[in-house]
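> build me a model:
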Amino acid sequence: MPGTKPIKVSIIMPTYNLAGYILETIQSIRDQTYPYWELIIVDDGSDDNTEEIVMRLNEERIKFFSAGRIGIGGKIKNIGLKKATGDLYAFIDADDVWATDKIEKQVRALQEYPDAGFCLTGGFNFNIPYEPVEYFYKQREGVKVGKVFMDYFRSELPGFTQALMLRRECIHVTGLFKEENKFSDLDFILRLAWHYPAVILYEPLFYRRLHNENYSSLSWEKSYYEGMELIRSYKEQRMVDPKLARESLFNLYINFGEDCLLHKKRGKALLNFFNAWTKRPGSIIPLKKTAKTFLSGFKK
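I've put the predicted structure just below:
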């Protein structure tokens, strides 16, 4: 309709000492086929030249805010949300990239499905830009619409805010990110999923960089413990039934144990595989993982 105000998307980007990646990330936003966006960069006390790089771009749609060192992702994102002026909100980390049509396709999806409160996309992890290491979904095309809250507890959906776009009004119902811990992204998405249907675009439109400076790489153990607390919390609130909570903890313990093996923490791996067995005593998976852990100790 002529004269209709375009839908504006506010993109929140937390960053900390990622000067080596941020320009590539910003360029993936500047290359978007959808032009009505603002990028709100909230710097978490970087001591590299991140600010200089951003300021040099002299882009009217890009706003840079220095928050000082906070170290809590939820608090940094909340600062960005409070400064956002858009109709829709999206998030990107300063070391990841988007497909050029990600915003356009998510905006269109939320227009097509007005009852949905938020939209998620597919994506993949990478070491070398645009070369997939691991896809988030086996399915890479098509659309799913509906309630997805239970899907998260079945480990069927990843909890990446970088794949998320939500309507501004959802925040009034779900609230902002929790600020008590470093890893509040999944809880934020779960609260969205509890209140609103979702649109999932399975097409890979978000690309997540893997490197040693990732928040998840630096605090991978803490994220698992907080995931356990999250499951127990939703169980106590009777938002998930005990059987599903037990299954979710089983999967979490297995994944935690596998990561412990990757980090050469065999004792902790064995403990997590045992914890998984207590949640599903009839499963052979923890026994196989335990045997694998013992065998790894004999290898050079």
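
> give me phi/psi at K5?
phi -70, psi 130 (degrees, to the nearest 10).

> from A291, how far out is it?
Note on K5: its distance to A291, by CB to CB, to the nearest Å, is 62 Å. Yep, even glycine has a C-beta here, placed from its N, CA and C like the rest.

> for V240, same thing?
Applying CB to CB to V240 and A291 gives a distance of 31 Å.

> neighbour count winner among these two?
V240 (21 against 11; other CB atoms under 10 Å).

> now for the closest residue to the more buried one other than its chain neighbours: which residues touch it?
Among residues not flanking V240 along the chain, Y234 sits closest, at 5.0 Å (CB to CB, 6 or more residues apart in numbering). Y234 makes contact with F153, L190, V240, A245, according to CB atoms under 8 Å, 6 or more residues apart in numbering.

> do the same with R191
T174, G175.

> can you count the residues close to the residue nearest to G68 when sequence neighbours are not counted?
Setting aside the residues directly before and after it, G68 is nearest to G45 in space (CB to CB, 6+ apart), at 5.1 Å. Residues within reach of G45, counting by other CB under 10 Å, total 13.

> can you check E156 too?
E156 has 10 nearby residues by other CB under 10 Å.

> same check, this time on the one 3 residues further on
Number of residues near G159 (other CB under 10 Å) recorded here: 17.

> element containing the residue nearest to G68?
Under the criterion DSSP states H and E, no helix or strand holds G45.

> in CSV, list the contacts of Y234 along with secondary structure and pLDDT.
CSV is the format used below for the contacts of Y234 (DSSP: H, G, I helix; E, B strand; the rest coil; pLDDT from 0 to 100):
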residue, secondary structure, pLDDT
F153, helix, 89
L190, helix, 95
V240, coil, 90
A245, helix, 92
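
> ok, so of these, who is nearest Y34?
Comparing those against Y34 with CB to CB places L190 closest, at 27.3 Å.

> give the helix, strand or coil label for the nearest residue to that closest one once chain neighbours are set aside.
The shortest distance from L190 to any non-neighbouring residue, by CB to CB, 6+ apart, is to Y152 (5.9 Å). On the three-state scheme (DSSP: H, G, I helix; E, B strand; the rest coil), Y152 is labelled helix.

> tally of neighbours for Y152?
With other CB under 10 Å as criterion, Y152 counts 21.

> contact partners for it?
Contacts of Y152 by CB under 8 Å, 6+ apart are G159, L186, I189, L190, A193.

> mind running it again at 10 Å?
P158, G159, L186, I189, L190, A193, W194, L230, I231, Y234, V240, S248 (CB atoms under 10 Å, 6 or more residues apart in numbering).

> list buried residues within these.
P158, G159, L186, I189, L190, A193, W194, L230, I231, Y234, V240, S248 (16 or more other CB atoms under 10 Å).

> could you pull out the strands in the stretch 51-200 of the chain for me?
Using DSSP state E, counting those that start in this stretch, the strands of the stretch 51-200 of the chain run over 62-66, 88-91, 97-98, 118-126, 132-135, 143-146, 164-167, 198-209.

> for A67, phi and psi?
According to degrees, to the nearest 10, A67 has phi -100, psi -10.

> check contacts around it.
P14, T15, Y16, V42, D43, D44, G45, S46, K75, I76, I79, G80.

> so which of those residues is the closest to I254?
Once CB to CB is applied, the member of those that ends up nearest I254 is P14, at 29.8 Å.

> you'd agree the closest one is in a strand?
Yes: P14 forms part of a strand when assessed by three-state DSSP.

> give me the beta-bridge partners of it?
V42 (DSSP bridges).

> check what pLDDT it gets.
Per-residue confidence (pLDDT) for P14: 97.

> likewise F298?
51.

> center of the chain, which residue is that?
F160 (1.5 Å; CA atoms, centre = their mean).

> contacts only, for that residue.
91, 93, 96, 120-121, 123, 136, 185-186, 189, 206, 208, 216.

> any idea which helix or strand of this structure has the worst average confidence?
Sorted by mean pLDDT, DSSP states H and E, the helices and strands of the chain end with helix 215-218, the least confident at a mean of 50.

> what ranges does the chain have for its helices?
Secondary structure of the chain (DSSP state H): helices at 19-30, 50-57, 73-83, 102-112, 149-153, 170-174, 185-195, 215-218, 220-236, 242-262, 266-279, 285-296.
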